[in-house]
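Q: fold the stuff below for me.
(2 chains)
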Amino acid sequence: MELIRRLRERKASIGSTIYKSLLTLLLLMLVVVIVFPIVITVTHSFMSPSEIKIELAPILGAKSDEENADSLVKMLSEGEYVRLHWVPFQVTLNAYYDILLRQPQFLFLFWNSMKMTIPIVAGQLIVSLLAGYAFSQLRFRLRESLFFAYIVVMLMPFQVTLVPNYIMANWMGLINSEWSIILPGIFSAFGVFLMRQFMQAVPYSYVEAARMDGAGHFTIMLTIVLPMCRSGMAALAVLAFIDHWNMVEQPLIFLKDAMKQPLSVYLSYINEGDIGIAFTASVLYMLPAILLMLYAEKELVEGVQLSGIKG
Amino acid sequence: MFLGKIGNLRRWVVRMIRSDGTHAAIFLIPSLVGVTIFFFLPFGIGFYYSLVDTPIDGKFVGIRNYVDLLGNNSFRRAIWNTFLFTVLCVPINMLLSLLLASLLNGRVFGQRWFRIAFLSPLVIPVASIVLIWQIFFDLNGILNHWLNAWGMASKDWMEGGSALYIAIMIYVWKNVGYNMLLFLAGLQNIPIDHYEAARIDGAGRWRQWRSITLVYLTPTTFFVFIMSIINSFKVFRETYMLAGPYPHPSLYMLQHFMNNMFQQLDYQKMTSAAFMMATVIVMLVMILFMVERRFSRWL
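A: Residues are numbered from 1 along each chain as shown, chains lettered A, B, ... in the order given. From the prediction side, this is the model:
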């Protein structure tokens, strides 16, 4: 009897291993599709600019400079269609060298992006922490209606308030200053919404008990609620960073000066002459976001898991 | 008598200071001031613009701007397209991400790496992504190259009815990972003993899924729904860069319309359109609140 039971168990475990492997394989195929654009971007970042120009000539419509491209041209531009190739014909760090050492404007614009994104993330965390605490742990009149208004603001596309926003910024003298980007970013309704959801998971009885012991709300927020929502804060930080790191519309409208733009805008309007370094620039630009995501991925999951979205 | 009054006053002040309302005001002030300046107030100004004939010293014209707008063909098309796009892509995205989350929940090797891989589309700069979609869907792009090799005629994918589907695909590609993460978190919060109890009671797989999984996922689903709608408005950036300010009619969204009105300095049309869109969003959130109240104590 014992033997049969064991055999059966083993069979079941083999079955589940096969199932697991098949499922993993299926998902792996999906992953290939999902990460395909990233892989292309990364491999192309190691190609020489002329190789990329030749490869993309059919869609750019421009004839490439053919003096340095003999055999390459034959292999790549035979037809009228783009032939994407994965592996560079010659791996070169030229584009990286170009961007990092020979074109100072790249690092300058990168710094612009930092200068805007980091204050936004820091400010948004503080403001959202405070407001999230009020919305989740305090009872006050108009709480529901106010939160309703925040959700509505959160769902509004950027274009809806574009004109009046521009007028307000102009009136406050913020046009062409990075504050016209930073300030609205700090006061994002999304941050408040997310923090409230995370803090909803903290049982009200904790706060009540601390109140009985005479603790003030500020102390409670810092010593009870904040530690419980740390992964939620990390999740918000990652999401806010990614969102503002890639912004294009707002800087385009509020910053007139090309040298004040973040790199994301420059990348979006990269001209055909520079297409050879576009991929390399993209790789360098997504590096901080990827590192942040790898670093905080666990928090991103945990934050969501602990959050009030579980009701 | 007098002292008693002072005592009352003091007690009243202390009570006020210690009350939740006062604290709420203190905690909310930074956010409220900012949101008022950068969102509520501009919104009010926008509403005012939608009621006058010119922004500077304009005459009050009531709802004329709105009537004009409703008679505008490109606006009507933009509304319809935005509606169609949202109605198609939000459910597709939610179903796919729920499916992915269920597949990924506990029964695969290397779950962490899958999660990261599915999240990765979030971090790629829009510019390089647009370039890659272009390589694919351009008249001389890869897709046509393949079709040609199979003996089919090539066509410009962004310049036809297929443009809308490409936009949906881009949206799903970009957002499925994050929503999957949300659903995954929701799934992992369901206590396992619920399933065991149900199994003992003789509930089948489908029954378990319907009465346990689905019920537990309701709050997550609301959250994912809201996120999906927000993100469906954000795909505009990609489509705008792929197809420009005047894309194929099937892809002409409200944001295109508003952007173009902004370029043409037609603030009346733009603010009226914005206000109409906002009204629809308010109604949507209200319905959401009502449905949600009925289901759980999510809010």
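Q: tell me, what residue is most central in chain A?
A: Compute the mean C-alpha point of chain A, and by C-alpha atoms, centre = their mean the closest residue is A:Ile242, 2.3 Å away.
Q: that one and A:Gly216, how far apart?
A: 35 Å (C-beta to C-beta, to the nearest Å). C-beta: built from backbone N, CA, C; applies to glycine.
Q: now B:Lys269
A: Counting by C-beta to C-beta, the gap from B:Lys269 to A:Gly216 is 51 Å.
Q: does the residue nearest to the centre of chain A touch B:Pro121 like I think?
A: No: with contacts counted by C-beta atoms under 8 Å, A:Ile242 stays clear of B:Pro121, the gap being 10.6 Å.
Q: give me the residue from chain A nearest chain B.
A: Per C-beta to the nearest C-beta, A:Phe187 is where chain A lies closest to chain B, at 2.8 Å.
Q: tell me the phi and psi of that residue?
A: Torsion angles at A:Phe187 (phi, psi; degrees, to the nearest 10) stand at phi -90, psi 40.
Q: got it, and A:Val82?
A: Backbone torsions for A:Val82, taken as degrees, to the nearest 10, come to phi -70, psi 130.
Q: any idea how many residues pack against it?
A: 24 (other C-beta atoms under 10 Å in any protein chain shown).
Q: show the pLDDT at it.
A: Looking at A:Val82, its pLDDT is 71.
Q: look up the closest residue to it, ignoring the ones flanking it.
A: Spatially, and ignoring its direct neighbours in sequence, A:Val82 is nearest to A:Pro58 (4.9 Å; C-beta to C-beta, 6 or more residues apart in numbering or on different chains).
Q: host element of B:Thr82?
A: In the assignment (DSSP states H and E), B:Thr82 maps to helix B:73-104.
Q: helices of the stretch 101-250 of chain B, residue ranges please.
A: Secondary structure of the stretch 101-250 of chain B by DSSP state H, counting those that start in this stretch: the helices cover B:111-119, B:126-137, B:142-149, B:162-188, B:192-200, B:205-208, B:214-234, B:236-243.
Q: comparing those, which yields the minimum mean pLDDT?
A: In terms of average pLDDT, helix B:142-149 trails the rest of the helices of the stretch 101-250 of chain B, at a mean of 77.
Q: buried ones in the helix holding B:Thr82?
A: Residues of helix B:73-104 classed as buried: B:75, B:77-79, B:81-82, B:85-86, B:88-90, B:92-94, B:96-98, B:100-104 (neighbour count, 16 or more other C-beta atoms under 10 Å in any protein chain shown).
Q: then stretch A:116-132?
A: Going by neighbour count (16+ other C-beta under 10 Å), the buried part of stretch A:116-132 is A:116-117, A:119-121, A:123-125, A:127-132.
Q: which of these fall within strands?
A: Members of the buried residues of stretch A:116-132 lying in strands (criterion: DSSP state E): none.
Q: check the offset of stretch B:94-102 from the chain's centre.
A: Distance of stretch B:94-102 from the chain centroid (C-alpha atoms, centre = their mean, to the nearest Å) equals 17 Å.
Q: now B:Met270. Nearest residue, chain neighbours left out?
A: Nearest non-adjacent residue to B:Met270, counting by C-beta to C-beta, 6+ apart: B:Met261, 3.8 Å away.
Q: show me the contacts for the one you found.
A: The contact partners of B:Met261, taken as C-beta atoms under 8 Å, 6 or more residues apart in numbering or on different chains, are B:Tyr267, B:Lys269, B:Met270, B:Ala273.
Q: ok, B:Val52 next?
A: Taking C-beta under 8 Å, 6+ apart, we find B:Val52 in contact with B:Gly58, B:Lys59, B:Phe60, B:Val61, B:Gln268.
Q: kindly report the same for B:Leu119.
A: By C-beta under 8 Å, 6+ apart, the neighbours of B:Leu119 are A:Met293, A:Glu297, A:Leu300, B:Gly177, B:Tyr178, B:Leu181.
Q: tell me how far it lies from B:Ile17.
A: 45 Å.
Q: and if you look at B:Val90?
A: 46 Å.
Q: in the stretch 1-150 of chain B, which residue sits nearest chain A?
A: For the stretch 1-150 of chain B, C-beta to the nearest C-beta, closest residue to chain A: B:Gly34, 2.8 Å.
Q: residues touching that residue, list them.
A: Shown in contact with B:Gly34 (C-beta under 8 Å, 6+ apart): A:Val127, A:Leu183, A:Pro184, A:Ile186, A:Phe187.
Q: hmm, try it at 7 Å
A: B:Gly34 makes contact with A:Val127, A:Leu183, A:Ile186, A:Phe187, according to C-beta atoms under 7 Å, 6 or more residues apart in numbering or on different chains.
Q: which of those residues has the most neighbours?
A: A:Phe187 (26 neighbours).
Q: could you say which helix or strand contains the closest residue in space to that one that isn't next to it in sequence?
A: What sits nearest to A:Phe187 in space, not counting adjacent residues and going by C-beta to C-beta, 6+ apart, is B:Gly34, at 2.8 Å. Take DSSP H and E as the rule and B:Gly34 turns out to sit in helix B:20-35.
Q: ok, B:His23 to B:Ile29 distance?
A: 11 Å.
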